[in-house]
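[1] my questions are about this predicted structure, shown below with the sequence.
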Amino acid sequence: MVVKELENPGAFLEATAPLLLEDEARNNLILGIAGTLDEHPSVYGEFRLWLVENTTGEVVGAALQTPPYNLVLGRPRDNDALVALADALSAQGTELPGVTGAVPEVEAFSENWVVRNGSGRQRRVAQRIYRLSELRRVGNARGHARTATEADRDLLVEWVAAFVAESLPEGAPGGDADRTVDARLRAGAGGFTLWENDGPVSVAGWGGTTPNGVRIGPVYTPPEHRCHGYGSSVTAAVTAERLAAGRTFCFLYTDLANPTSNKIYVDIGYEPVCDAIDYAFE
């Protein structure tokens, strides 16, 4: 196995496409981030891209990192690619705050990394990846959807920050809400849809476009507006918008600790693909 580090996101996407597009939903995060790096370079600062080749030159593994965030894994051909990746990054002295990926590859890599570096690991978030190709049910909450604009920026920043505070453990790098909103409103790397009922009551974002799909999120409803179906309705609305815009399917992540959100998305038409875990290294 040979581990190579690439400097060009476009070259990385081209080289890894035969591997990652075999399961686009499972690999939506690494594909979406790499696509953003390629098409909207201002969104992220520093980045690193790695691929793993076998003895015949076939790409059998892929990973990337946008510091200070976790290493993000694609699904490998086999665990040997993960062992080779852990060996190479450890030998380079690469510092990783953690790793994010689908099960079982995230488990295999983190176990190898801990052994090589004498560190511990802590599970921060357990999620499930869902995929939708046909909307089963639209929302029926009172109100209507509308596309967010620059005039909504302050509200979006407030709600994205609140979403991060609720969904991520204390101390986890959750990103800069200002940068997240600006990347979508101003840099064209996605967008937001608001649900309104006598004013904005819920929001669903989208971004991380892959060759055929797009990731939906964050979805956030302030506490005072919950239990009215707004989150379900705005998610259905933004999903319908993205399908109408030409996406073949949509993806989203749910928190396994929140069974309500999992049921809501299934009712809309999202189907489970696999589980994913976010590990922090200690």
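    Okay, I see it.
[2] can you tell me the SS state at residue 107?
    On the three-state scheme (DSSP: H, G, I helix; E, B strand; the rest coil), residue 107 is labelled helix.
[3] any regions of the chain where pLDDT drops low?
    Within the chain, the segments meeting pLDDT under 70 span 169-175.
[4] list the contacts for the nearest residue to residue 229 once chain neighbours are set aside?
    The shortest distance from residue 229 to any residue other than its chain neighbours is 3.7 Å, reached at residue 141 (CB to CB, 6 or more residues apart in numbering). All C-beta spots, glycine's among them, are computed from the backbone N, C-alpha and C. Listed by CB atoms under 8 Å, 6 or more residues apart in numbering, the contact set of residue 141 reads 195, 197, 228, 229, 230, 232, 233.
[5] among the residues you listed, which pair sits farthest apart?
    When CB to CB is used, the two most widely separated members of the contacts of residue 141 are 197 and 232, lying 13.4 Å apart.
[6] buried set for stretch 186-197?
    Within stretch 186-197, the residues scored as buried using 16 or more other CB atoms under 10 Å are 189, 190, 191, 192, 193, 194, 195.
[7] show me what the third one bridges to in the sheet.
    It refers to residue 191. Taking DSSP bridges as the rule, residue 191 bridges to residue 206.
[8] name the SS class of residue 90, please.
    helix.
[9] spit out the contact partners of residue 12.
    Residue 12 neighbours (CB under 8 Å, 6+ apart): 6, 34, 49, 51, 62, 64.
[10] in strands only, show me these.
    With strands identified by DSSP state E, the entries of the contacts of residue 12 that belong to them are 6, 49, 51, 62, 64.
[11] hang on, isn't the first one packed against residue 15?
    Yes: counting by CB atoms under 8 Å, residue 6 sits close enough to residue 15 to count as a contact (7.2 Å).
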